[in-house]
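> Prediction below, plus the sequence it came from.
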Amino acid sequence: MSGRPRLDAPALDHLNAERAAGRPLGVAVSGGSDSTALLLLLSDIFGADALRAVTVDHGLRSEAADEARAVSRLCAARDIPHDTLRWEGWTGQGNLQDQARRARYGLLTDWAAGQGVAAVALGHTQDDNAETFVMGLARGAGLDGLTGMRPGFRRDGVTFLRPLLGTRREALREYLRGQGVGWCDDPSNEDPAYDRVRVRRALATLEELGIGAAHLSRSIANLRDTRAALARTLADWARVHVAQDRGDLLIDAGGLGGLPPDMARRLLNAALRWVSGADYPPRAESVMQIVTSPSVDRTLHGCLLRGDGARLRISREPEAAKRAGSVATTALWDGRWRLDGPHAPELDVSALTEADLPLCPDWRDTGLPRASLAASPAVRRGGELVAAPLAGLRDGWSAELANGRDDFAAAGFSH
C-alpha cells in the first residue's frame, strides 16, 4: 500500500534477524492508534503467523478491559495470537506510574519468555519522543535526560524495540483510516492533571512557531550522537581502569579521581547499574559523594561500595541479593546469574548467606570478600545447601554472568 508508514531501519533489521532465526515477534498493543497501527504494519511486513500480540490491563480504568477485548477481536479477525495480561498489584500507595511501568515490563518479559519471543515491539512515536524531550527541559535535565526514548533496550533477556520513533502519530492514524480500522482513545490523554498532556498542548503551540516534533527529533538525534561518543570514551577508559572480579567491579581510585566530575559520575552510574541490574541510576548527589570520597564504605542502589585507597570495589549488597528470593536452577537469578550443573526440579537458587560460609571450606581460597560471597548464588534442596560455585563449593555447578555482564566496558555504556 502506497503511503504506508515505514519502520525505523535499525528496529526493522533486528526484527528481520529474529524472523531469520525462526523466532516469533512480540508486539504490545494497548488499543490506541499508535500500537494498533504498529500491529497492522508488522502483520503486513511479516505475516500474521509471525506475530504474538499482547495487551496489559493495569486494572486502573474501567474501560481498560473493553479495550483489551477490542484488541483481541481485531487480532482474532486477522489470525494473530493474542493474550491479555492483568496487573492487580496497585495498593494505592507509592508512585503509581512508576509501579505500573515496572509491573508492565515484568509481565511482558515473563509473557515473552513463555512464548519463545526474544523481541517485543512498542508503539511509541515521534510525538512521544518530542514530549519526553520537552519534559526533560522542564526538569532542567542534562544530556542523558534530553536524548529522548531509547530506540531499543534489553530487560531480563528480552529486547524491546520502538520502530515508530521516526513516525508522527497523525500519519499512523491516517494509515488506520485507510485500512478501515478504528482505535481506542484513553480519556486520560486529555486530562491536564498529567504533565505529559500539558506538554502535548504546549507542543501544539510550538509547532505553530516552527518548532515541531520533527525539529525536536533532529535535536534529540544530535544529542544522542554526543552521548554515544562520550560513552565510547568512557568504555575505553574502563578497559584500562576497571577490572571485573566475578560479579564485582574494581575501579582504580586514582584514575577515577582524575576524571572530570561528570564523567566520573557517568562511570559510577554505569557500574552501579551493571552490578545491581537496576533500570535507572541513583540520584546524582549520592553518586557525587562517592566521587569526592571514594574510600568511604557505603551502600547505594542495591550495591556495597568499599574503598582501600587504591581501588573502589562495587559488589552486590547481600540484603538486596537476599530479596531476589529463590528461582529454579534453570532461571536467571538476581537478574544477572545463570547457573549450569545437574539441574533437577527439587533444586532452586537463592543467595548464599554468612551463615552458609562454614559449609564452604574453600571460600577463603576464592579471594572474594565475605560480603561479595554472601550476595552470590547458592543451589539448595529443600533449604539445604548443595553448592555455592563462587564460594568454592561446586559439586558440578558453575555460575556465569548473563545479559552481557561478562564485559563491563562493552555493556556498561550501551544504554
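Now that the structure is in, tell me what you want to look at. Since this is a predicted model, take the numbers as computed values, not measurements.
> Mind checking the pLDDT average for stretch 160-180?
Stretch 160-180 shows a mean pLDDT of 97.
> Same question for stretch 308-324.
In the prediction, stretch 308-324 has an average pLDDT of 95.
> Compute the first-to-last residue distance for it.
29 Å (CA to CA, to the nearest Å).
> For it, buried residues please.
Using 16 or more other CB atoms under 10 Å as the burial criterion, the residues of stretch 308-324 that qualify are R311, L312, R313, I314, S315, R316, E317, P318, A320, A321, A324. For the C-beta atoms, the positions are set from N, CA and C on the backbone; glycine is no exception.
> How about residues contacting it?
245, 247-254, 256, 271-272, 275-276, 290, 294-295, 299, 302-307, 333-335, 350-351, 353-354, 369, 371-372, 374-376 (CB atoms under 8 Å, 6 or more residues apart in numbering).
> Mind picking the one among the buried residues of stretch 308-324 that's closest to M263?
L312 (15.2 Å; CB to CB).
> After the host helix or strand of the closest one, which helix or strand is next? Please name it.
Assessed by DSSP states H and E, L312 sits inside strand 311-316. Using DSSP H and E, the helix or strand that follows strand 311-316 in sequence is helix 318-322.
> which element follows that next one toward the C-terminus?
Using DSSP H and E, the helix or strand that follows helix 318-322 in sequence is strand 327-328.
> That following strand - what's its average pLDDT?
96.
> same thing with stretch 386-402?
For stretch 386-402, the per-residue pLDDT averages 96.
> Would you indicate which residues of it are buried?
386-394, 397, 399, 401-402.
> which one of those sits closest to R69?
Among these, and counting by CB to CB, the member closest to R69 is A402, at 37.2 Å.
> What's the first helix or strand after the longest helix seen in the chain?
Scanning the chain for the longest helix, with DSSP state H as the assignment, gives helix 213-241. As assigned by DSSP H and E, the chain's next helix or strand after helix 213-241 is strand 242-245.
> Pull up the pairing partners for that following strand, direction included.
strand 248-252 (antiparallel) (DSSP bridges).
> so the partner strand versus strand 311-316, what angle?
160 degrees (axes from the mean of the first three to the mean of the last three CA atoms, to 10 degrees).
> How many neighbouring residues does R69 have?
Neighbour count of R69, defined by other CB atoms under 10 Å: 14.
> Next one, pLDDT for it please.
In this model, R69 carries a pLDDT of 96.
> ok, so what distance separates it from L60?
17 Å (CB to CB, to the nearest Å).
> And for Q179?
Distance from Q179 to L60, by CB to CB: 29 Å.
> With P282 instead?
28 Å.
> More neighbours: which of the two?
P282 (18 against 11).
> Now do the strand holding L312 and helix 213-241, the angle between them.
120 degrees.
> Turn the buried residues of stretch 386-402 into a markdown table, columns for secondary structure.
Shown next, in a markdown table, are those (DSSP: H, G, I helix; E, B strand; the rest coil):
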| residue | secondary structure |
| --- | --- |
| V386 | strand |
| A387 | strand |
| A388 | strand |
| P389 | helix |
| L390 | helix |
| A391 | helix |
| G392 | coil |
| L393 | strand |
| R394 | coil |
| W397 | coil |
| A399 | strand |
| L401 | strand |
| A402 | coil |
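> Same list, those, but as a markdown table with distance to D186 please.
Below are the buried residues of stretch 386-402 laid out as a markdown table (distance: CB to CB, whole Å):
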| residue | distance to D186 |
| --- | --- |
| V386 | 50 |
| A387 | 49 |
| A388 | 49 |
| P389 | 48 |
| L390 | 47 |
| A391 | 51 |
| G392 | 55 |
| L393 | 53 |
| R394 | 53 |
| W397 | 48 |
| A399 | 44 |
| L401 | 40 |
| A402 | 36 |
